[in-house]
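> with the input below, show me the fold.
(chains A and B)
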There are 2 protein chains.
Amino acid sequence: MNFIYLDNNATTAIDPRVFQTMVQELKEPPSNPSSVHTLGKNAKQRLIHAKLKISSFFKAKPEEIICTSGGTESINLFLRGLDSGHIITTAIDHSSVYKTIQTLEKKGLQATYLPVGPWGAPLKEHIEAAIRPNTQALVFSAANAETGVKLEIEAIGDIAQKYDIPLFIDAIAWIGKEPFPMHPAITAIAVAGHKFHGPKGVGILFVKSSFKLPPLLTGGNQEYQKRAGTENLAAIVGLAKAFDILKEEQTTITQHLSDLRFHFEHNLQKLLPDLQINGEGPRIANTSNLAFPGIDGETLLIQLDRLGIYASHGSACASGSLEPSRVLTHMGIPHKIAASSLRFSIGKFNTKEEIDRAIDIIASTVQKLS
Amino acid sequence: MNFIYLDNNATTAIDPRVFQTMVQELKEPPSNPSSVHTLGKNAKQRLIHAKLKISSFFKAKPEEIICTSGGTESINLFLRGLDSGHIITTAIDHSSVYKTIQTLEKKGLQATYLPVGPWGAPLKEHIEAAIRPNTQALVFSAANAETGVKLEIEAIGDIAQKYDIPLFIDAIAWIGKEPFPMHPAITAIAVAGHKFHGPKGVGILFVKSSFKLPPLLTGGNQEYQKRAGTENLAAIVGLAKAFDILKEEQTTITQHLSDLRFHFEHNLQKLLPDLQINGEGPRIANTSNLAFPGIDGETLLIQLDRLGIYASHGSACASGSLEPSRVLTHMGIPHKIAASSLRFSIGKFNTKEEIDRAIDIIASTVQKLS
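Purely as a prediction, here's the structure:
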């Protein structure tokens, strides 16, 4: 089927080179890196090789990279290791951050949720003003998964440094779209493989070796005793390959994504003058969260699906009843506008021809529904 | 290299049919089962199909199967969901059980570690005697990973039923070796894919829907809100295939394993009359934990590795100094005997020719070292 996939913030097509790397590992003889015999030692070598590739991406030490089962585990690993002190975060973070913090609040964690407004990201002034003597972490996403609005990582890194407070960055919606600004004050970073053409079921938590992190999964001594369980070697070597590809190709990818996104938004706005872009702050290269005033977003999404355009609705379907997007709502966007919004997230495999076709189909569908 | 792999309790060779199933899934277009468009719905269908295969293996409802990143996560998910009441367990369980319980004890959990003696498994009389008014779970492995000694699941299931206490079974060293006796009193079961020719990085926790289990990973609504995170679809469909294969072939596999194990032990004992088998209780079909009195197990393991026989030592190397196996020590096996012991674990792909060759090589190596 000749579809156009514009839901790359949900998941991405695996890069053929990542696929090949995984297949090669899956063809290896039985390999448990904890086994002391030759097959185990060979597996351990491949694991170390992969770890070195990933750690060099973050200019980190290999022991600062913990391989997990994905972004959600990386986030839970960091957050559930916190004491019952105070953290500063927002109400527009991904559910793996937001719901976990809400769970921990019931156990005594104190959380300040900063306002973000139509800008779509917390402001450094608000962060500084919210710091308390017992603030133990700043918890923010580098780029919002729904709107793409970016955090001022440099400025907020400086605040973390000034007050000596650990800064945790959910970089899941950032990595693969733009080069990551590795501020020295960042204590921990969560990344998910499948969001940048890597494997599903694997992610990493970069965490500084100076930071005391209790494990969430206990048992064997894998991952420097910070994450027990036999290593998912095929996924880890695949993830390392995905990072290697980024090292070489990130600049080109970013240019491609921002060219396509500009082309997409610019031409769609010409055809649909009512179109609004959600998120006033600077956005990561690939994400367009667009409001189509007067249109029901759910209906538009279904129509586009039928026409082979795959996007996502800025709202979650909870027990059958549609609720407006938590992110857009907390940005102060009116319910009706939020309900008219769709997220289009471009990927490196999208082409200009696809974007041209998408513009035509979206514009004509919106015009029909108007 | 023409090696003989006898470390199938560490990990197993992936079944070619599982490999093919995974490769097929990895070739699918971008697939997040939570996406509402056609690709997402198709992915959801494949996920449901896999879940049905797995749940039917356990004669369970699909919502009673939680897919995790492996055995360690399944075990942590169950144990970390317990209150600070009392549990009954042993000191010979796998580190993912033992170390997790030790961690939880520091937070107030009360644990009784039952003696197992040279038999190698807890006795039902001891279990019954250890029950307290606040006993909230019985936590045992179906088969010990080091010795293969089996739990009396039927009898212990009856005790759990009589006292109405949840029974948690770590079945990681059992599944794939013998048909699993699914006692109705079992509340939860942990399984790891890569221990029975399935994928690494995936496991399941079967948990009765009547049992209240708080999630360990929070975020999205995946896995019936019991385990957040984008599903590792290739691994899950691969795991389902591995269970499907067992449904068809378990009887044949069990016969094959026990034939080879009998042949192995019987002939090795003829050549090495001093040979002792660790674990007096009935053992799962594939595992031989053998003591070679007067021989240093570590030296033997290294010699065998050079000769292409891959087994494992019944001891863990902690910070450079060799410590005797916790399992064998807690069985009351003398330090010297424990240090002379190796574990040979047979798999379905081993052949009679391999076992014959292994017998010759092991016997001659032991004779040279004597």
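
> please enumerate the strands of the stretch 201-350 of chain A.
With DSSP state E, counting those that start in this stretch, the ranges of strands along the stretch 201-350 of chain A come out as A:203-207, A:276-277, A:287-291, A:309-310, A:312-313, A:315-318, A:321-324, A:341-345.

> would you reformat those strands as TSV and include distance to chain B and mean neighbour count?
No exception for glycine: its C-beta is placed from N, CA and C like everyone else's. Conversion of these to TSV gives the following (distance: least, CB to the nearest CB, whole Å; neighbours: other CB atoms under 10 Å in any protein chain shown):
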stretch	distance to chain B	mean neighbour count
strand A:203-207	9	28
strand A:276-277	22	16
strand A:287-291	15	25
strand A:309-310	4	24
strand A:312-313	6	22
strand A:315-318	7	15
strand A:321-324	11	14
strand A:341-345	11	26
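
> kindly reformat those as CSV containing distance to residue B:102 and mean pLDDT.
Formatted as CSV, these follow (distance: least, CB to CB, whole Å; pLDDT from 0 to 100):
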stretch, distance to residue B:102, mean pLDDT
strand A:203-207, 23, 98
strand A:276-277, 53, 98
strand A:287-291, 45, 98
strand A:309-310, 48, 98
strand A:312-313, 44, 90
strand A:315-318, 39, 42
strand A:321-324, 43, 66
strand A:341-345, 44, 97
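
> out of those, which is closest to residue B:128?
Checking the strands of the stretch 201-350 of chain A against residue B:128 by CB to CB gives strand A:203-207 as the closest, at 43.5 Å.

> circling back to that earlier point, what's the closest of the strands of the stretch 201-350 of chain A to residue B:93?
Of those, nearest to residue B:93 by CB to CB is strand A:203-207, at 27.3 Å.

> export the closest one to PDB, keeping only CA atoms.
Provided in PDB are the C-alpha atoms of strand A:203-207 (Å, rounded to 0.1, in the frame of the first residue of the first chain):
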ATOM      1  CA  GLY A 203      16.700   2.200  25.400                       C
ATOM      2  CA  ILE A 204      19.300   3.700  27.500                       C
ATOM      3  CA  LEU A 205      19.700   5.800  30.600                       C
ATOM      4  CA  PHE A 206      22.800   7.900  30.600                       C
ATOM      5  CA  VAL A 207      23.600   8.600  34.200                       C
END
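
> whichever strand or helix holds residue A:87 near chain B at all?
Residue A:87 is part of strand A:86-90, with elements assigned from DSSP states H and E. No: Strand A:86-90 lies out of reach of chain B by CB under 8 Å from any CB of the partner chain, never closer than 14.1 Å.

> distance of the nearest residue to residue A:171 once chain neighbours are set aside from chain B?
Nearest non-adjacent residue to residue A:171, counting by CB to CB, 6 or more residues apart in numbering or on different chains: residue A:142, 4.4 Å away. Look at residue A:142 and chain B: by CB to the nearest CB, to the nearest Å, they are 17 Å apart.

> contact partners for residue A:304?
Contacts for residue A:304 (CB atoms under 8 Å, 6 or more residues apart in numbering or on different chains) come out as A:310, A:311, A:342, A:361, A:362, A:365.

> kindly reformat the residues you listed as CSV containing distance to residue A:30.
Listed next are the contacts of residue A:304 as CSV, based on distance: CB to CB, whole Å:
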residue, distance to residue A:30
A:310, 39
A:311, 43
A:342, 47
A:361, 49
A:362, 50
A:365, 52
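
> circling back: so which of the strands of the stretch 201-350 of chain A comes closest to residue B:326?
For residue B:326, the closest of the strands of the stretch 201-350 of chain A is strand A:203-207, at 28.8 Å, according to CB to CB.

> is it true that residue A:50 touches residue A:237?
Yes: taking contacts as CB atoms under 8 Å, residue A:50 lies within contact range of residue A:237: 4.8 Å.

> phi, psi for residue A:135 please.
Residue A:135 adopts backbone torsions of phi -70, psi 120, taken as degrees, to the nearest 10.

> apart from its chain neighbours, what residue comes closest to it?
The nearest residue in space to residue A:135 (CB to CB, 6+ apart) is residue A:86, at 4.7 Å.

> list the contacts for the one you found?
Residue A:86 touches A:109, A:110, A:111, A:112, A:132, A:134, A:135, A:136, counting by CB under 8 Å, 6+ apart.

> ok, so what distance separates it from chain B?
Taking CB to the nearest CB, one finds residue A:86 at 20 Å from chain B.

> ok, residue A:261 touching residue A:345?
No: here residue A:261 does not reach residue A:345: they are 9.4 Å apart, not a contact under CB under 8 Å.

> now for these two: what residues contact both?
Residues touching both residue A:261 and residue A:345 by CB under 8 Å, 6+ apart: A:286, A:287, A:288.

> tell me the one of the residues you listed nearest residue B:21?
Out of the shared contacts of residue A:261 and residue A:345, the member with the shortest distance to residue B:21 (by CB to CB) is residue A:286, at 31.6 Å.

> and the helices in the stretch 151-300 of chain A?
Counting by DSSP state H, counting those that start in this stretch, one finds helices in the stretch 151-300 of chain A at the ranges A:153-163, A:222-225, A:233-271, A:297-306.

> just the buried residues of the last one, please?
What that stands for is helix A:297-306. A:297, A:298, A:300, A:301, A:303, A:304, A:305 (16 or more other CB atoms under 10 Å in any protein chain shown).

> list the residues that contact the residue nearest to the last one when sequence neighbours are not counted.
Right, residue A:305. Once flanking residues are discounted, residue A:305 sits nearest to residue B:37: 4.7 Å by CB to CB, 6+ apart. Taking CB under 8 Å, 6+ apart as the criterion, residue B:37 is in contact with A:7, A:301, A:305, A:310, A:311, A:312.

> before we move on, what about residue A:88?
Residue A:88 is in contact with A:111, A:112, A:114, A:127, A:130, A:131, A:135, A:137, A:138, A:139, counting by CB under 8 Å, 6+ apart.

> beta partners of it?
Counting by DSSP bridges, residue A:88 is bridged to residue A:112, residue A:138.

> circling back: deepest of the helices of the stretch 151-300 of chain A, which one?
Highest mean neighbour count of the helices of the stretch 151-300 of chain A: helix A:233-271, a mean of 20 (counted as mean count of other CB atoms under 10 Å in any protein chain shown).

> quick one: average pLDDT of that helix?
Here helix A:233-271 scores 98 as its mean pLDDT.

> packing partners for that helix?
Helices and strands touching helix A:233-271, by 3 or more CB pairs under 8 Å, 6 or more residues apart in numbering or on different chains; DSSP states H and E, are helix A:16-26, helix A:38-57, strand A:287-291, helix A:352-369.

> how about a cut-off of 6 Å?
With contacts taken as 3 or more CB pairs under 6 Å, 6 or more residues apart in numbering or on different chains; DSSP states H and E, helix A:233-271 sits against helix A:16-26, helix A:38-57, helix A:352-369.

> between strand A:203-207 and it, find me the angle.
100 degrees (axes from the mean of the first three to the mean of the last three CA atoms, to 10 degrees).

> now helix A:233-271, how far from the centre of its chain.
The chain centroid and the centroid of helix A:233-271 are separated by 13 Å under CA atoms, centre = their mean, to the nearest Å.

> same question, stretch A:285-292
16 Å.

> hmm, residue B:200 and residue A:232 touching each other?
Yes: counting by CB atoms under 6 Å, residue A:232 touches residue B:200, with 4.9 Å between them.

> more neighbours: which of the two?
residue B:200 (30 against 27; other CB atoms under 10 Å in any protein chain shown).

> got the confidence number for the residue lying closest to the more buried one once chain neighbours are set aside?
With CB to CB, 6+ apart as the criterion, residue B:200 has its nearest non-adjacent residue at 4.2 Å, and that residue is residue B:194. pLDDT, residue B:194: 98.

> next, count neighbours for residue B:194.
Neighbour count for residue B:194, taken as other CB under 10 Å: 30.
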